[in-house]
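Engineer: sequence and predicted model, in that order:
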Amino acid sequence: KKKQTEQMDQKEEEALAMCYKHRKMSLDPHAFTILVVDDEKVARLALTRMLIKCGYNDVKSVDSAQEALAYLKTQAKPHLILCDVKMPEISGIEFLQILFSETEYANIPVIMVSATDELQLVYHCLKLGAADFLTKPIHVKEVENIWQTIWRKNREEENKENQEKVQQEMELKVNEAVSTPIKAIAEYVSQLLSSGDITPETRDALSEILNTLHKSQFYRPAIESYIRSKDIDSETKRWFANELHLASLVRTQALPSAPVQVIDSEITQKLRSYDFDVWTIQDDATFFSMVTGMFNDFGLLDTFKIDQVQFLAFLQVIKSNYSDSNPYHNFRHAFDVLHTSYLMLTNCKASAYLTPLEILTVMFSGLLHDVGHTGTSNRFHIETYSDLAVKYNDQSVLENHHCSLGWKLLMKYKILDNIPKDDMRKIRSYFIQLVLATDLSKHFDEMAIFENLKGETLDRDNEEHRKLISKMIMKCADLSNPTKPFTVARYWALMIQEEFFQQGDKEKSLELPYSPFSERGNSSLPQMQVNFADFIVIPLFKAVSSFLPLLEEAIIPQLLENRAKWAALKEG
């Protein structure tokens with residue numbers, strides 16, 4: 001038996017060696033040098049022994065950050081450092097900052113270790129550059145695969161040089177994937193009409209085709225935008241108008257001007273930054289003052305006579321209707337969506353296309369779009385026949401719930417009481433459409449409608465155009481996590497993964513099949529993020545940037561850079 005065991009061990013070693021060779025790894029995991037930094041003797045010795053037991057033969061340990069720094073100056077650089085967070089004199093976090101301030105040591109992966117897994121502490125460590133975070137007591141399984149952290153770090157460094165190439169390839173693929181078939185149809189019809197050689201039969205057939213298409217919500221915006229195009233001669237335009245029974249193709253009375261933003265205050269300047277980190281906000285007062293600042297930057301509270309004290313009470317109630325137990329769908333997410341909408345309206349100049357009333361609706365929609373979220377998906381509600389699913393007949397269950405609850409709160413706290421009835425009806429109509437547009441199951445339908453406008457001039461006097469751009473602002477804001485600085489984007493990804501896992505736990509207890517990415521221990525976060533970027537986020541932002549060119553230079557480069565980093569982690 002002993003001989004058989006030895007033979008099996010040898011075969012495992014050979015298989016591992018072949019695996020490392022196949023992956024072109026420059027290091028054998030068993031040859032890694034690991035430095036353990038922990039002032040607690042028992043914990044330090046336990047972790048060191050566990051590492052050695054798992055096959056990491058070269059493990060050094062020191063009892064302070066000072067000793068670790070001295071070690072780094074006199075010995076060969078370790079391949080990995082495991083460092084306790086709380087240590088006297090120089091804490092683990094201070095050690096991490098010192099380490100990454102030195103170019104010589106900046107590429108050493110550091111895993112932080114602590115007896116507490118408080119989310120803010122974890123996030124702070126990851127933001128500073130830690131490769132991972134482990135909670136004491138550390139289990140053998142966590143240690144066995146610790147070499148993968150080094151492997152990922154090596155791969156990340158190797159892939160840095162190729163990131164620009166990957167970004168260029170992704171842009172090319174996205175551009176090639178964009179198509180507007182309805183425009184091609186409309187152009188063909190226009191060519192036939194302008195030829196002057198159309199028989200009554202052909203005319204009737206064309207009229208029937210156009211009317212059939214125009215009755216569809218899917219094609220109507222494309223047809224009407226084409227009719228309003230400056231490239232169409234007046235005779236062809238009149239023919240289209242007559243055949244489709246359009247009331248008017250001329251400009252209506254002038255719309256109210258978009259409000260002029262003022263950027264005097266320090267808080268507003270901070271909010272205008274694309275690098276703003278929502279995770280740095282720690283108290284309600286800061287949240288509420290920043291929300292008020294965004295509304296005041298457009299003069300919305302004054303314009304629509306919304307009392308500041310009443311507005312503050314309203315914000316407190318909104319926050320209480322977002323569950324703190326949801327790792328992702330909580331008030332911080334609502335604030336983030338509002339803030340991203342605000343960035344698109346201000347920095348990307350989207351507000352120039354909208355009226356003050358529409359801007360107000362976009363802002364309230366961002367704040368309320370997930371109010372009352374249960375931390376579970378529409379599919380979960382439908383599968384469990386929840387009260388919400390029954391109430392809304394399985395149709396956009398959560399989104400309908402958010403619309404209903406959000407509007408009730410607006411009415412209860414009399415936020416819109418000073419707005420004329422006609423404007424109130426318009427706000428309600430817009431609000432419902434914007435919130436329902438966040439249902440991801442309707443994403444490709446909404447995208448198809450928007451894509452039909454590609455190549456056309458966005459007309460501020462066209463209400464359908466304004467409505468579409470408002471929807472796209474809301475969709476971009478709701479799906480904007482991958483566009484933020486990578487440390488922020490990564491933490492948002494961890495939060496949505498944890499919320500998926502919590503739903504998976506419920507599905508397991510109810511003996512339901514796991515939803516995608518919801519099974520603990522059987523989910524790849526990098527793979528999920530790469531797919532999400534490729535199929536949803538990149539095409540969305542590329543499409544919207546055709547109308548908001550400033551989006552292209554301000555947001556998309558970070559999105560593509562993050563996608564490349566997740567791809568590198570996936571390969572690792």
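Structural biologist: Looks like it arrived, so ask away.

Engineer: please work out the average pLDDT along stretch 428-442.
Structural biologist: Summarised as a single mean, pLDDT over stretch 428-442 is 95.

Engineer: I meant to write stretch 391-408 there.
Structural biologist: In this model, stretch 391-408 carries a mean pLDDT of 96.

Engineer: so what's the residue count around Ile98?
Structural biologist: By other CB atoms under 10 Å, the residues close to Ile98 number 14. Any C-beta I mention is one placed from the backbone N, CA and C, and that applies to glycine too.

Engineer: go on, Pro356?
Structural biologist: Neighbourhood size, Pro356 [other CB under 10 Å]: 18.

Engineer: any idea how far it is from His381?
Structural biologist: Pro356 sits at a distance of 36 Å from His381 (criterion: CB to CB, to the nearest Å).

Engineer: now Val435
Structural biologist: Relative to His381, Val435 is positioned 16 Å away (CB to CB).

Engineer: between the two, point out the one with more neighbours.
Structural biologist: More neighbours surround Val435 than the other of Val435 and His381, with 29 against 21 (other CB under 10 Å).

Engineer: using the three-state scheme, assign that one.
Structural biologist: Classification of Val435 by DSSP: H, G, I helix; E, B strand; the rest coil places it in helix.

Engineer: ok, it touching Gly406?
Structural biologist: Yes: using CB atoms under 8 Å, Val435 makes contact with Gly406 at a distance of 7.0 Å.

Engineer: quickly list what's touching both of the two.
Structural biologist: Taking CB atoms under 8 Å, 6 or more residues apart in numbering as the criterion, Val435 and Gly406 both touch Leu368, His369.

Engineer: would you map the strands across this structure?
Structural biologist: 33-37, 58-62, 80-84, 110-114, 132-135 (DSSP state E).

Engineer: so where is the stretch 451-572 of the chain shaky, pLDDT-wise?
Structural biologist: The stretch 451-572 of the chain contains residues with pLDDT under 70 at 454-457, 572.

Engineer: what ranges do the helices span in it?
Structural biologist: Counting by DSSP state H, counting those that start in this stretch, the stretch 451-572 of the chain has helices at residues 463-478, 486-509, 525-532, 538-545, 549-554, 556-571.

Engineer: need these in CSV (columns: mean neighbour count and distance to Ser91).
Structural biologist: CSV is the format used below for the helices of the stretch 451-572 of the chain (neighbours: other CB atoms under 10 Å; distance: least, CB to CB, whole Å):
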stretch, mean neighbour count, distance to Ser91
helix 463-478, 22, 37
helix 486-509, 19, 19
helix 525-532, 18, 28
helix 538-545, 21, 39
helix 549-554, 15, 36
helix 556-571, 20, 27
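
Engineer: nearest to Val85 among the ones you listed would be which one?
Structural biologist: For Val85, the closest of these is helix 486-509, at 16.8 Å, according to CB to CB.

Engineer: now do the closest one: which elements does it pack against?
Structural biologist: Using 3 or more CB pairs under 8 Å, 6 or more residues apart in numbering; DSSP states H and E as the contact definition, the elements that helix 486-509 packs against are helix 119-128, helix 378-383, helix 525-532, helix 556-571.

Engineer: spatially central residue in this protein, please.
Structural biologist: Computing the C-alpha centroid of the chain and ranking residues by CA atoms, centre = their mean puts Asn481 first, at 2.4 Å.

Engineer: that older thread, now distance to Leu360 too, for the helices and strands packed on helix 486-509, in TSV please.
Structural biologist: Formatted as TSV, the helices and strands packed on helix 486-509 follow (distance: least, CB to CB, whole Å):
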stretch	distance to Leu360
helix 119-128	33
helix 378-383	28
helix 525-532	31
helix 556-571	28
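
Engineer: right, so of those, which gets closest to Phe500?
Structural biologist: Checking the helices and strands packed on helix 486-509 against Phe500 by CB to CB gives helix 525-532 as the closest, at 8.7 Å.

Engineer: which residues does stretch 78-89 contact?
Structural biologist: 27, 32-40, 43, 47, 60, 64-66, 68, 72, 91-93, 95-96, 99, 108-115, 121, 125, 134, 146, 149-150.
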